[in-house]
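Novice: Any chance you can model this:
(chains A and B)
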Amino acid sequence: MIDNFIINALIAGICVSIIAGGLSCFIVWKKMAYFGDALSHSSLFGIALGIILGFNTTIGTFITCLIFAGFLSFLQNKKIFSNDTLLGILAHASLSIGIITISLSGQYVNLHAYLFGDILTVTSQEIKFFIIAAILVTGSLFLIWEKLVLMTINENIAKAENINTKIIQSIFLILLIVFVATCVKIVGILLITSMLIIPAATSRQITNSPGNMAIVSGLLGIISIFCGVYLSIIADIPTGPSIIFVLTLMFILVLSMYRKN
Amino acid sequence: MLIQAENISVIRNKKEILKNINITIEERDFITILGPNGGGKSMLLKCLLGFYNPDFGSVTKSSKLKVSYTPQDFTIDKSIPIRALDFIMLNKSKKNKKINDIFQELNIENILSQQLSTLSGGELQKILITRSLIDDPNLLILDEPTQNLDVSGQLNFYKFLNRIYDNRNISILMVSHDLHMVMASTKKVICLSNHICCSGEPSTITDDPEFANLFGHDFANMMSLYRHDINHKHNEESGDR
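Specialist: Numbering: from 1, shown residues only, chains lettered A, B, ... in the order given. Here you go, the predicted model:
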């Protein structure tokens, strides 16, 4: 028999993969890889706030990520520094403030778990939360899909066709933040960032339409969760890095198979 | 009348990018905007399209206006896998029965199944224009459509555009740098250098001294050999181009 905690881990992993499947395509298309990374780093401050002030860390993360995204777009409008520079400053500032806050609070917090995550500790309660998040995020993304793809290809064409690009872009950012906030505690900052980049980058090489790229990217995520969890059990290695290792292997495999195309 | 801009001005960083512009686009117009870089051509299009509200003046649109727009410098990122056909149909009604007729009319059926990222500049422009014709617009706005095309590509493109103009009940407003081709195909030329320097039919506009000011006397002489006597002074920034 498979233990309950493994089944929980697999269900959580499937939810994470499905959400990441669609979102990660836009991360790759819009060249936002560093943004996803920075967003998950900033979530540590939210976790710290949640612990100190005694409210749900998911809500804490959601709020800090929102502030992070708001602050970023404010700075972007100043147009003095590139995105790259701004993200570098914000990500590491909020990571440091998060760690300082945790250390000053005097409470013991397993930082290791937040960085690398431990999907094997998911509770049945949290599973419900994951499933709801998966349905909500994927459903919303599906509704704005065509508009968001068109905007990504060319924003001016979208504007000329009366698409409210600001609202669609905000919805996308909020979905991304919901994803980070719900998943960071369970799968860790490292795995979130990887899930937002590697499956889509792998999928791009073997697909020919935006929709297929998202679906295949989700499937690759699910495969990596199954293989990664299995590998972590038989080799007794941490689960998060093990999943990322499988993701990377798949990326290299596809890259070498399809290089000529 | 489809669109009318009355006395519109746009000021950015204390510089007047557009200065008291009046322009009316009628049905069956074929207007080309010429002018130096930084002369406000793209800004004028943005104001007409409603992307940007002018600081002064007003833009009035007819209720029957159905505008479509192809942007400047269209490129497709290789990380996005999408076939030409899927791109054309993005965010469009899938039930449109006239689509295949449009593909046939524009003779692009052979490139529909190709990935957008593998198309040449000319093919991309055709796809963009096909996409903009799907909803049967009565005004086509094009911002430097031939920017990335070589001379034969430009020639092909203008043939393509002329065919669309001839076959459809449509107006065209275009920004372009291809003076020779513009003179040959367009019905009206507007020279814009922050203000409207001169406007008129291609055959008469080349005689305008302002036209020579903008594009050089050699060119004006080459385009036309007679002159008439509309004259006005240019301000310093634009006079030397």
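
Novice: For the rest of this, base every contact and every neighbour count on C-alpha atoms.
Specialist: Noted.

Novice: check which helix or strand covers the most centrally placed residue in chain A.
Specialist: Closest residue to the average C-alpha location of chain A: A:Ile192 at 4.1 Å, with CA atoms, centre = their mean. A:Ile192 is part of helix A:165-195, with elements assigned from DSSP states H and E.

Novice: So which bits of the lowest-mean-pLDDT helix or strand in chain A are buried?
Specialist: Comparing helices and strands within chain A by mean pLDDT, DSSP states H and E singles out helix A:111-116 as the least confident, with a mean of 78. If you call a residue buried by 16 or more other CA atoms under 10 Å in any protein chain shown, then helix A:111-116 has these buried ones: A:113-116.

Novice: Tell me the spacing between B:Ser42 and chain A.
Specialist: Applying CA to the nearest CA, to the nearest Å, one obtains 12 Å for the distance of B:Ser42 from chain A.

Novice: How about the contacts made by that residue?
Specialist: Contacts were defined as CA atoms under 8 Å, 6 or more residues apart in numbering or on different chains; by that measure B:Ser42 touches B:143, B:175.

Novice: Okay, it and A:Thr152: tell me how far apart.
Specialist: When CA to CA, to the nearest Å is the yardstick, B:Ser42 and A:Thr152 sit 21 Å from each other.

Novice: again, but for A:Phe142
Specialist: Taking CA to CA as the criterion, A:Phe142 is separated from A:Thr152 by 15 Å.

Novice: The two: which has the busier surroundings?
Specialist: Counting neighbours by other CA atoms under 10 Å in any protein chain shown for A:Phe142 and for A:Thr152 shows that A:Thr152 has the greater number, 19 against 14.

Novice: residues in chain B within reach of chain A, list them.
Specialist: Proximity of chain B to chain A is assessed by CA under 8 Å from any CA of the partner chain, with B:49, B:51, B:68-71, B:74, B:76-77, B:79-83, B:86-87, B:90-91, B:115 identified as the residues in range.

Novice: Please spell out the PyMOL selection for the buried subset of those.
Specialist: Of the residues of chain B next to chain A, the buried ones can be selected in PyMOL as follows, counting by 16+ other CA under 10 Å:
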select buried, chain B and resi 49+68+69+70+71+74+76+79+80+81+82+83+86+87+90+91+115
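
Novice: now, which of the residues of chain B next to chain A lie within helices?
Specialist: Using DSSP state H, the members of the residues of chain B next to chain A that fall within helices are B:49, B:86-87.

Novice: can you list those in a markdown table and add pLDDT?
Specialist: Rendered in a markdown table, the data for those read as follows (pLDDT from 0 to 100):
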| residue | pLDDT |
| --- | --- |
| B:Leu49 | 90 |
| B:Asp86 | 93 |
| B:Phe87 | 94 |
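
Novice: out of those, who's nearest chain A?
Specialist: Distance to chain A, by CA to the nearest CA, is smallest for B:Leu49 among these, at 6.9 Å.

Novice: Just confirm the closest one contacts A:Ala160, I think it does.
Specialist: Yes. Here B:Leu49 lies in contact with A:Ala160, judged by CA atoms under 8 Å, at a distance of 6.9 Å.

Novice: just the helices in chain B please.
Specialist: B:41-49, B:84-89, B:99-106, B:121-133, B:151-167, B:179-185, B:202-205, B:209-215, B:217-223, B:236-239.

Novice: Worst mean pLDDT among those helices?
Specialist: Comparing mean pLDDT across the helices of chain B, the lowest value falls on helix B:236-239: a mean of 42.

Novice: Next, name the residue at the spatial heart of chain B.
Specialist: Centre-nearest of chain B using CA atoms, centre = their mean is B:Met174, 1.4 Å out.

Novice: Number of residues surrounding B:Lys187?
Specialist: 17.

Novice: Name whatever forms a beta bridge with the closest residue to it other than its chain neighbours.
Specialist: Setting aside the residues directly before and after it, B:Lys187 is nearest to B:Phe30 in space (CA to CA, 6 or more residues apart in numbering or on different chains), at 5.2 Å. When assigned by DSSP bridges, B:Phe30 has beta-bridge partners B:Ile172.

Novice: pLDDT score assigned to B:Phe30?
Specialist: In this model, B:Phe30 is scored at 92, pLDDT.

Novice: ok, now A:Met1?
Specialist: Among the per-residue scores, A:Met1 holds a pLDDT of 62.

Novice: ok, which residues in chain A are in contact with chain B?
Specialist: For chain A, the residues in contact with chain B (CA under 8 Å from any CA) are A:28-29, A:146-147, A:149-150, A:153-154, A:156-157, A:159-161, A:204, A:207-210, A:213.

Novice: what's around B:Ile127, how many residues?
Specialist: Here the count is done by other CA under 10 Å, and B:Ile127 has 23 residues near it.

Novice: how near is it to chain A?
Specialist: Distance of B:Ile127 to chain A, computed by CA to the nearest CA: 13 Å.

Novice: ditto for B:Lys66
Specialist: Using CA to the nearest CA, we find B:Lys66 at a distance of 10 Å from chain A.

Novice: again, but for B:Met183
Specialist: Here the distance between B:Met183 and chain A works out to 27 Å (CA to the nearest CA).

Novice: Nearest spatial neighbour of that residue, chain-adjacent residues omitted?
Specialist: With CA to CA, 6+ apart as the criterion, B:Met183 has its nearest non-adjacent residue at 5.2 Å, and that residue is B:Pro202.

Novice: from memory that neighbour sits against B:Cys191, does it?
Specialist: No. B:Pro202 is beyond contact range of B:Cys191, at 10.8 Å (criterion: CA under 8 Å).
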